[in-house]
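J.: Next one to model:
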Amino acid sequence: MEIEVTYTKKISRCYHTCPYFDLEGGPGPIMVCNHPDLSDGRGIITHPECDDGFPPKCPLLR
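T.: This next block holds a predicted model:
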């Protein structure tokens with residue numbers, strides 16, 4: 001049996017708190033956004049915009 005669950009989570013920044021934040025590859029992992037609404041698939045996330053807030057192109061800010 002499977003059930004679909006939706007929940008609300010308050011987040012104050014992208015870096016390691018957003019459920020769509022992910023690390024990919026190497027040699028040093030690249031921070032990426034896995035939000036399903038991104039037209040290019042995965043968005044690359046950079047510092048410092050993700051440390052204390054959200055990148056300007058964040059799909060959650062729309």
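
J.: The helix or strand bottoming out on mean pLDDT in the chain pairs with which strands, and in what direction?
T.: Ranked by mean pLDDT, DSSP states H and E, the weakest helix or strand in the chain is strand 43-44, scoring a mean of 80. The partner list of strand 43-44 in its sheet, established with DSSP bridges, is strand 30-33 (antiparallel).

J.: and the gap between the residue nearest to Asp37 when sequence neighbours are not counted and Pro36?
T.: Nearest residue to Asp37, sequence neighbours excluded (CB to CB, 6 or more residues apart in numbering): Pro59, at 4.6 Å. C-beta coordinates here come from the backbone N, C-alpha and C atoms, glycine included. Between Pro59 and Pro36 the computed distance is 8 Å (CB to CB, to the nearest Å).

J.: For the two, work out which one has more neighbours and name it.
T.: Set Pro59 next to Pro36 and count neighbours by other CB atoms under 10 Å: Pro59 wins out with 15 against 7.

J.: Dihedrals phi and psi, the more buried one?
T.: When quoted as degrees, to the nearest 10, the phi and psi of Pro59 stand at phi -60, psi -20.

J.: Pretty sure it sits against Leu38.
T.: Yes: because the distance of 6.1 Å satisfies CB atoms under 8 Å, Pro59 is recorded as touching Leu38.

J.: In a helix, Lys9, correct?
T.: No: counting by DSSP: H, G, I helix; E, B strand; the rest coil, Lys9 falls outside a helix, being coil.
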